[in-house]
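K.L.:
Just a sequence and a predicted model for now, questions to come.
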Amino acid sequence: MALWRAYQRALAAHPWKVQVLTAGSLMGLGDIISQQLVERRGLQEHQRGRTLTMMSLGCGFVGPVVGGWYKVLDRFIPGTTKVDALKKMILDQGAFAPCFLGCFLPLVGALNGLSAKDNWAKLQRDYPDALITNYYVGRCPMCCCYLELLPVLEGTSALSWPHSIVSTLQ
């Protein structure tokens, strides 16, 4: 708990620096988890350069871009109500996520040494799946925050969900 309080104090004192370092740390940790638990590379086969690349992407691209986006989003949709959160999620997932992925994926390709032609082909191949996966993962925190919606949605058709959600949030 003391570590969390220290993090919160640092975030309050230096929000931009802490967000950037947090993004880099989380992306590096995510790559370590991927290599060790998913790919089962072991410490000898761990690709340290890949982890450093992911950390650099987090600090140099993801942290600043996402942090800046959330500042814009908070100015564009001020407030902390459930409806405000839903509006922010819709704008984030509908407008920002497709653009962000369209920049992030080619950047990763370029850092991995792909030619422009190969990078374009990889983007065309991977973008739809990455965007769909983002919608599943990106909405998960929002769904977890609003578990109270589940009884409202239970027993209703998918077509009536938007109306049910909005009426519950108001």
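P.N.:
Arrived safely, thanks for sending.
K.L.:
pLDDT at the closest residue to residue 118 other than its chain neighbours, what is it?
P.N.:
Once flanking residues are discounted, residue 118 sits nearest to residue 109: 7.3 Å by CB to CB, 6 or more residues apart in numbering. The C-beta positions use only the backbone N, C-alpha and C, and glycine is treated the same way. With respect to pLDDT, residue 109 scores 93.
K.L.:
Locate residue 109 within the secondary structure: which element?
P.N.:
Secondary structure from DSSP states H and E places residue 109 in helix 97-111.
K.L.:
Give me the nearest residue to residue 111, chain neighbours excluded.
P.N.:
residue 53 (5.5 Å).
K.L.:
While we're on the one you found, how confident is the model there?
P.N.:
93.
K.L.:
do you know how far it is from residue 128?
P.N.:
Distance, residue 53 to residue 128, by CB to CB, to the nearest Å: 24 Å.
K.L.:
who has more neighbours, those two?
P.N.:
Using other CB atoms under 10 Å, the more surrounded residue of residue 53 and residue 128 is residue 53, with 17 against 10.
K.L.:
buried set for the lengthiest helix in the chain?
P.N.:
For the chain, the longest helix by residue count, based on DSSP state H, is helix 116-145. Of all the residues in helix 116-145, those buried under the rule 16 or more other CB atoms under 10 Å are 119, 122-123, 130-131, 142.
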